[in-house]
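For reference, the sequence and a predicted model appear below.
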Amino acid sequence: MKATNLIILAIVSFIFCNCKDNKEVKPKIEDNSKSTLGVYQDYFNDKKKVDSLMDKIVKKGDTLAYKELSMIYALSGHRSDYLRVSLIMANKYQYAQAYYDVYNDLYRTNSYISGNDEETIEDLNVLDAETRNLAIKYLEKSASRGYTKARKSLLLYNSKGELLKNK
């Protein structure tokens, strides 16, 4: 009798589940007319989201929040405004990527001025000596903490180090 009850219960459950309203549930389709810049500009303008991420970065050194906020700043066209956040993560939490980001922000500002898109030793030589030394200091700290991009950049500069010493 128990087996019969289980079979009946299974049949009733099956019928009940299949008798529900079979309306098709379609995923919400987002407006595809917005560019990546536009989408990230909206994220950038979402003060609550940005403040929440910033709070996690400043108070806890949250690397995931740092990366997310970095993407928001970069893809919304505000990358140069991210230097202060990179400095906090580098100096307060010794985060290797942040050290590299400080270097990169200083370098990119300079490469924008010189018109170069590729990383070259000459771009650093256009900087004043104090800014150049600061950029290299942050690059070295990032490399010493194992950040691969920093190690590659440092190899480039070390291979042509005489240019830096002569300036």
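In hand now; what should we look at?

Setting aside sequence neighbours, what's the nearest residue to Y82?
Spatial nearest neighbour of Y82, excluding adjacent residues (C-beta to C-beta, 6 or more residues apart in numbering): Y73 at 4.2 Å. C-beta coordinates here come from the backbone N, C-alpha and C atoms, glycine included.

Can you tell me what sits against the helix or strand encompassing K137?
Element membership of K137, judged by DSSP states H and E, is helix 129-144. The contact list for helix 129-144 (C-beta atoms under 8 Å, 6 or more residues apart in numbering) reads 90, 94, 96-97, 99-100, 102-103, 106-107, 110, 124-125, 127, 149-151, 153-154, 157, 164, 167.

rewinding a little: against L37, how distant is the residue nearest to Y82?
12 Å (C-beta to C-beta, to the nearest Å).

Might you report the residue contacts of T36?
Contacts of T36 (C-beta under 8 Å, 6+ apart): L75.

Okay, it and S52: tell me how far apart.
In terms of C-beta to C-beta, T36 sits 22 Å off from S52.

Looking at Y73 and L37, which one has more neighbours?
Y73 (21 against 12; other C-beta atoms under 10 Å).

which SSE is the residue nearest to Y82 in?
Assigned by DSSP H and E, Y73 falls in helix 63-75.

for that helix, which positions count as buried?
Of all the residues in helix 63-75, those buried under the rule 16 or more other C-beta atoms under 10 Å are T63, A65, Y66, E68, L69, S70, I72, Y73, L75.

Mind giving me the packing neighbours of it?
Applying 3 or more C-beta pairs under 8 Å, 6 or more residues apart in numbering; DSSP states H and E, we find helix 63-75 packed against helix 36-45, helix 47-60, helix 83-93, helix 96-114.

Turn those helices into CSV, columns for distance to S144 and mean pLDDT.
Compiled in CSV, these are given as follows (distance: least, C-beta to C-beta, whole Å; pLDDT from 0 to 100):
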stretch, distance to S144, mean pLDDT
helix 36-45, 32, 84
helix 47-60, 22, 96
helix 83-93, 12, 96
helix 96-114, 8, 79
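
Redo those as a markdown table? Include distance to R132.
A markdown table is the format used below for those (distance: least, C-beta to C-beta, whole Å):
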| stretch | distance to R132 |
| --- | --- |
| helix 36-45 | 30 |
| helix 47-60 | 27 |
| helix 83-93 | 16 |
| helix 96-114 | 8 |
